[in-house]
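In: sequence unavailable; structure follows:
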């Protein structure tokens, strides 16, 4: 197998992230580790689903790169067991990224229903991997000790648009957050899986704009539980979504204050 040509990617370092790579194929495993090393990352390694579940229970990872097809226990079943353990122990949901050679929409849907948050096609391309890992970088303790993920996201939006537009977008999100949470709750209470899935999907997508990854992961759990009518799991995940929303509200309000402070107002004549 010829390695994929390198993508022109500016070096980005994520040395504080704790990652788990679950991959049984030696060549694919080495390729993934090399790609991670180019970003300054290292990863623990599991060679099958059993090892992945055991590692996820023992260590709080920022993200897990999970091969879908592995001997013994595949990545889908490993993900289901990790999600079940998280619910039973009230542990926050770790982001699980599927590694798959199948890029079809139907295969992606299977991964999402199992509880995976993203899919990464093999052979791994550095830019695609970098973009997914970037979404997790603000969850690491080292990142939180300096600048929050929300501040980085809002600062990036301010640079691409303007500080005023970035603050306006974030403020709109905060204004709508309570209503969107209520919509998810009401749909679950009424047993309406489709509405619950749709509202949770909307919340997950908007949270990703501001890199509110804890809220994004909590919404994912409800979205994927309601994909096939597992309303009991969705109800059990509701308290975690409430807590994540509260934290996201605080983080984004702090980010708004930070970004708004760089806005220079023209003096009145």
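Out: Thanks, I have it. These figures come from a predicted structure and were not determined experimentally.
In: rest of the way, CA atoms for contacts and neighbours
Out: Will do.
In: okay, and the helix or strand of the chain with the least pLDDT?
Out: Ranking every helix and strand in the chain by mean pLDDT, DSSP states H and E puts helix 141-144 at the bottom, with a mean of 41.
In: how about low-confidence regions in the stretch 51-200 of the chain?
Out: 102-105, 134-148 (pLDDT under 70).
In: all strands of it, in order?
Out: 63-67, 95-100, 118-121 (DSSP state E, counting those that start in this stretch).
In: which one of these is the most hemmed in?
Out: Compared across the strands of the stretch 51-200 of the chain, strand 63-67 shows the largest average neighbour count, a mean of 27 (mean count of other Cα atoms under 10 Å).
In: parallel or antiparallel, list what pairs with it.
Out: Next to strand 63-67 in the sheet, as set by DSSP bridges, lie strand 19-22 (parallel), strand 95-100 (parallel).
In: re the thing from before, turn the strands of the stretch 51-200 of the chain into CSV, including distance to residue 241.
Out: Below are the strands of the stretch 51-200 of the chain laid out as CSV (distance: least, Cα to Cα, whole Å):
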stretch, distance to residue 241
strand 63-67, 19
strand 95-100, 15
strand 118-121, 19
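In: between the ones you listed, which one is nearest to residue 242?
Out: Closest of the strands of the stretch 51-200 of the chain to residue 242 is strand 95-100, at 18.1 Å (criterion: Cα to Cα).
In: list the contacts for residue 218?
Out: 92-93, 237, 240-241, 244 (Cα atoms under 8 Å, 6 or more residues apart in numbering).
In: same question, residue 32
Out: Contacts for residue 32 (Cα under 8 Å, 6+ apart) come out as residue 124.
In: name the helix or strand for it, please.
Out: Counting by DSSP states H and E, the element that carries residue 32 is helix 26-38.
In: average pLDDT for that helix?
Out: Helix 26-38 shows a mean pLDDT of 84.
In: that helix vs strand 95-100, what angle?
Out: 140 degrees (axes from the mean of the first three to the mean of the last three Cα atoms, to 10 degrees).
In: what's the angle between the helix or strand containing residue 226 and strand 95-100?
Out: Per DSSP H and E, residue 226 falls inside helix 213-227. Orientation check (the same axes, to 10 degrees): helix 213-227 against strand 95-100 gives 60 degrees.
In: now do the buried residues in the helix or strand that helix 213-227 is followed by.
Out: On the C-terminal side of helix 213-227, the closest following helix or strand by DSSP H and E is helix 231-260. Buried residues in helix 231-260, defined by neighbour count with 16 or more other Cα atoms under 10 Å: 231, 233-235, 237-238, 240-242, 244-245, 248-249, 251-253, 255-256, 259-260.
In: likewise stretch 74-86?
Out: Within stretch 74-86, the residues that qualify as buried are 74-83, 85-86, counting by 16+ other Cα under 10 Å.
In: what does it rub up against?
Out: Under Cα under 8 Å, 6+ apart, the answer for stretch 74-86 is 22, 48-50, 52-53, 56-57, 66-69, 91-93, 96, 98, 111, 114-116.
In: now do stretch 42-60
Out: Stretch 42-60 has contacts (Cα under 8 Å, 6+ apart) with 15, 18-25, 33, 36, 70-75, 77-79, 81-82, 85, 94.
In: returning to that earlier point: and which of the contacts of residue 218 is nearest to residue 169?
Out: Closest approach between those and residue 169, by Cα to Cα: residue 244, at 19.5 Å.
In: now that closest one. Nearest residue, chain neighbours left out?
Out: residue 215 (4.8 Å; Cα to Cα, 6 or more residues apart in numbering).
In: these two touch, right, that neighbour and residue 238?
Out: No: with contact defined as Cα atoms under 8 Å, residue 215 does not count as touching residue 238 (11.4 Å).
In: now stretch 54-65, how far from the centre of its chain.
Out: Centroid displacement of stretch 54-65 relative to its chain, using Cα atoms, centre = their mean, to the nearest Å, is 14 Å.
In: kindly check the end-to-end length of it for me.
Out: Terminal residues of stretch 54-65 lie 15 Å apart, using Cα to Cα, to the nearest Å.
In: can you point out the buried residues in stretch 39-58?
Out: Judged by neighbour count (16+ other Cα under 10 Å), stretch 39-58 contains these buried residues: 39, 41-43, 45-50, 52-53, 55-56.
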